[in-house]
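Visitor: build me a model:
(chains A and B, ligands or ions: 2)
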Amino acid sequence: MAVPAENTPAAPASAPPAIAFEGVTIRFATPSGEIHTVMSEVDLAVEEGTFVALVGPSGCGKSTLLNAAAGLLFPPAGTVRVFGETLTGINPHAAYLFQQDALLPWRTVLDNVCLGLTFRKVPKARAAAEARRWLKRVGLAAFEDRFPHQLSGGMRKRVAIAQAWIVNPRLLLMDEPFGALDVQTRQIMENELLELWQETRKTVLFITHDLEEAIALADRVVVLSTGPARIKGDYAIDLKRPRDVAEIRLDPAFNALYKRIWADLRDEVLKQEEGAHGA
Amino acid sequence: MARERPPAVVATRKRASRWLVLALQVGFFVLVTGTWQAGATTGWLDPFFFSKPSDIAGRMAEWILSGYIWPHLIVTLTEAMAAFAIGIVTGVLAGLALARVELLAAVFDPYIRIFNALPRVILAPILIIWFGLGMGSKIALGVTLVFFVVFFNTFQGVREVDPVVLNNARMLQASDHQLMRHVYLPSAMAWIFSSLHTSIGFALVGAVVGEYIGASQGIGYVVSQAQGVFDTTGVFAGLILTSIVVLCIDLAIEALERYLLRWRPQS
Ligand SMILES: Nc1ncnc2c1ncn2[C@@H]1O[C@H](COP(=O)(O)OP(=O)(O)O)[C@@H](O)[C@H]1O
Ligand SMILES: [Mg+2]
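Guide: Numbering: from 1, shown residues only, chains lettered A, B, ... in the order given. Ligands and ions are numbered 1, 2, ... in the order given. The predicted structure follows:
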């Protein structure tokens, strides 16, 4: 696929960020009727063309932040801007990769990959041809007639990637997409993701609770603090690209980064643990 | 089909058990009718009240061969199928609407409960007054029975839609109409189908009970005529004929279900 000029890292500095959270506060009502503030006044900007990983202890509000970026959830205070425009509904530039299975179980693999095009009223034959191209790309050409339950977890993730990528989104939101996979499959998928990303350099906001995964994949790692969530740390990952997630872990620079970020993250994880035991 | 094949041993054992079940089913039938026949012949069962399987079979054959039963059967089936179709369409539409619009659900909740708790057979007299002695009143009675079963199942099916699948479709820019068609409706389909097995029976109950109370044709009318002259054989023949028809329709529904819900994991 050709790389559009504006997607290269050398975008003009004046371009608005792909996604910008400005003073975003999110609260939920607990079952007992109290107000639980999940995050307060979060400011974060993700520049176009960068791969940003967001780490934090589980339950700290990572998914909530991503849902706000997706337009699936509306913050009562603060704004979310997408390429400079305030978000008022579903984010039209974003594709979302969920941790759980999100394919339509009643549609075949091919129909699932077509879905975004079907919803945009692309003619059927053209959508199918494009979907077949993507299925080939993710190595599932032989499985187009299967239903999701007939595939393994890793294969379903590949279908989900093809489904998200086919609409050529400018922004990819990923919520621990490989969290449910076994270690080997996970490493393969991480490398495939990097390969895809290397070609297109789309903006990625990637959530994980695994710091190693975050450093191996991203250009920048943002650490979220727990209860209520704030930006605790923000680290540039200046490791060489293209990367192999297994090899990069052996790089001394990787270890140095890991130690620095982990010092930040560890406090939050401990706090979270104490909170869980105290409750 | 691209279904994963189970190991051969399991497949053989499954086939064997299917034959066993069939054999036991036939055995059960033979045992019951045999006992009934023997009881009625020896006088242990009074044939006046219980008739006799051989007589009933004879009566059914006579009805079918003479052509006497066909017009009645066609009337009953037409009523039942009309009630079934109208009940499904209205039930699915109402289920989708109420599941999607909170306000509608909140407003109609008590009325739906009250109406559903009402024994519908009580409505037969008033429906006959409104729609006359013809097919209309029987269809209306069937609809009041079918509607609620389909409605509740559709409602539940829509409510149980997986929120992750739903959000994924929304992120892929599905419009409200597309969400309905591609997500809510297929998700509710499994629930709707399970309601159809119950409601086909209800559609026939509506038709037959309606005919029994007041009509000039149909299986219910035939049964009530037979009852009027204490013709137990006729009552049983009508009953069994109705059951066979229900069984055939139910098998057809099951085949359709198996095809439409083929995306579900087996077991
Ligand atoms: N819909 C909701 N209603 C109430 N509380 C919620 C809801 N969604 C998330 N939360 C709460 O917000 C907090 C953050 O959740 P989440 O964003 O899923 O965390 P993470 O993804 O970091 O594990 C949790 O304490 C969770 O209980
Ligand atoms: Mg989460």
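Visitor: excluding covalently adjacent residues, which one is nearest to residue B:215?
Guide: Here the nearest residue to residue B:215 in space, its sequence neighbours aside, is residue B:221; by Cβ to Cβ, 6 or more residues apart in numbering or on different chains that works out to 4.6 Å. For the C-beta atoms, the positions are set from N, CA and C on the backbone; glycine is no exception.
Visitor: so that neighbour, which of the three states?
Guide: helix (DSSP: H, G, I helix; E, B strand; the rest coil).
Visitor: what's the neighbour count on residue B:21?
Guide: Residue crowding around residue B:21 was assessed by other Cβ atoms under 10 Å in any protein chain shown; the count is 10.
Visitor: and it, what element?
Guide: Secondary structure from DSSP states H and E places residue B:21 in helix B:8-42.
Visitor: give me the packing partners of that helix, helices and strands only.
Guide: Under the contact criterion of 3 or more Cβ pairs under 8 Å, 6 or more residues apart in numbering or on different chains; DSSP states H and E, helix B:8-42 touches helix B:47-50, helix B:53-66.
Visitor: so which bits of it are buried?
Guide: The neighbour-count criterion (16 or more other Cβ atoms under 10 Å in any protein chain shown) identifies B:36-37, B:40 as the buried residues of helix B:8-42.
Visitor: ditto for stretch B:163-176
Guide: With the criterion 16+ other Cβ under 10 Å, stretch B:163-176 contains buried residues B:164-174.
Visitor: check stretch B:47-60 too.
Guide: If you call a residue buried by 16+ other Cβ under 10 Å, then stretch B:47-60 has these buried ones: B:51-53, B:55-57, B:59-60.
Visitor: likewise stretch A:32-46?
Guide: Within stretch A:32-46, judged by 16+ other Cβ under 10 Å, the buried ones are A:38-40, A:42, A:44, A:46.
Visitor: which of those fall within strands?
Guide: Among these, the subset assigned to strands under DSSP state E consists of A:38-40, A:42, A:44, A:46.
Visitor: can you redo those as CSV with distance to ligand 1?
Guide: Listed next are these as CSV, based on distance: Cβ to the nearest ligand atom, whole Å:
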residue, distance to ligand 1
A:38, 4
A:39, 8
A:40, 13
A:42, 12
A:44, 14
A:46, 17
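Visitor: coming back round to it: can you give me the angle the helix holding residue B:21 makes with helix B:53-66?
Guide: Angle, helix B:8-42 to helix B:53-66, by axes from the mean of the first three to the mean of the last three Cα atoms, to 10 degrees: 100 degrees.
Visitor: measure stretch B:151-165 end to end?
Guide: Across its full length, stretch B:151-165 reaches 23 Å end to end, with Cα to Cα, to the nearest Å as the criterion.
Visitor: dump the buried residues of stretch B:47-60 to JSON lines, plus distance to chain A.
Guide: Converted to JSON lines, the buried residues of stretch B:47-60 look like this (distance: Cβ to the nearest Cβ, whole Å):
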{"residue": "B:51", "distance to chain A": "48"}
{"residue": "B:52", "distance to chain A": "50"}
{"residue": "B:53", "distance to chain A": "45"}
{"residue": "B:55", "distance to chain A": "50"}
{"residue": "B:56", "distance to chain A": "45"}
{"residue": "B:57", "distance to chain A": "44"}
{"residue": "B:59", "distance to chain A": "47"}
{"residue": "B:60", "distance to chain A": "42"}
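Visitor: related to what we said a few turns ago, and the helices and strands packed on helix B:8-42: which comes nearest residue B:90?
Guide: Residue B:90 lies closest, by Cβ to Cβ, to one member of those: helix B:53-66, at 34.2 Å.
Visitor: which parts of the chain are strands?
Guide: No chain specified, so I'll use chain A. If DSSP E is used as the criterion, the strands of chain A fall at A:19-29, A:35-46, A:51-55, A:77-82, A:85-86, A:94-97, A:171-175, A:203-208, A:220-224, A:231-236.
Visitor: returning to that earlier point: adding distance to residue B:32 and pLDDT, write the buried residues of stretch B:47-60 out as CSV.
Guide: Shown next, in CSV, are those (distance: Cβ to Cβ, whole Å; pLDDT from 0 to 100):
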residue, distance to residue B:32, pLDDT
B:51, 14, 91
B:52, 13, 91
B:53, 9, 93
B:55, 16, 93
B:56, 13, 94
B:57, 14, 94
B:59, 18, 94
B:60, 17, 94
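Visitor: need those residues in JSON lines (columns: distance to residue A:220).
Guide: Output for the buried residues of stretch B:47-60, formatted as JSON lines (distance: Cβ to Cβ, whole Å):
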{"residue": "B:51", "distance to residue A:220": "85"}
{"residue": "B:52", "distance to residue A:220": "87"}
{"residue": "B:53", "distance to residue A:220": "82"}
{"residue": "B:55", "distance to residue A:220": "88"}
{"residue": "B:56", "distance to residue A:220": "82"}
{"residue": "B:57", "distance to residue A:220": "82"}
{"residue": "B:59", "distance to residue A:220": "85"}
{"residue": "B:60", "distance to residue A:220": "80"}
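Visitor: related to what we said a few turns ago, dump the helices and strands packed on helix B:8-42 to TSV, plus distance to residue A:84.
Guide: As requested, these are exported to TSV (distance: least, Cβ to Cβ, whole Å):
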stretch	distance to residue A:84
helix B:47-50	85
helix B:53-66	78
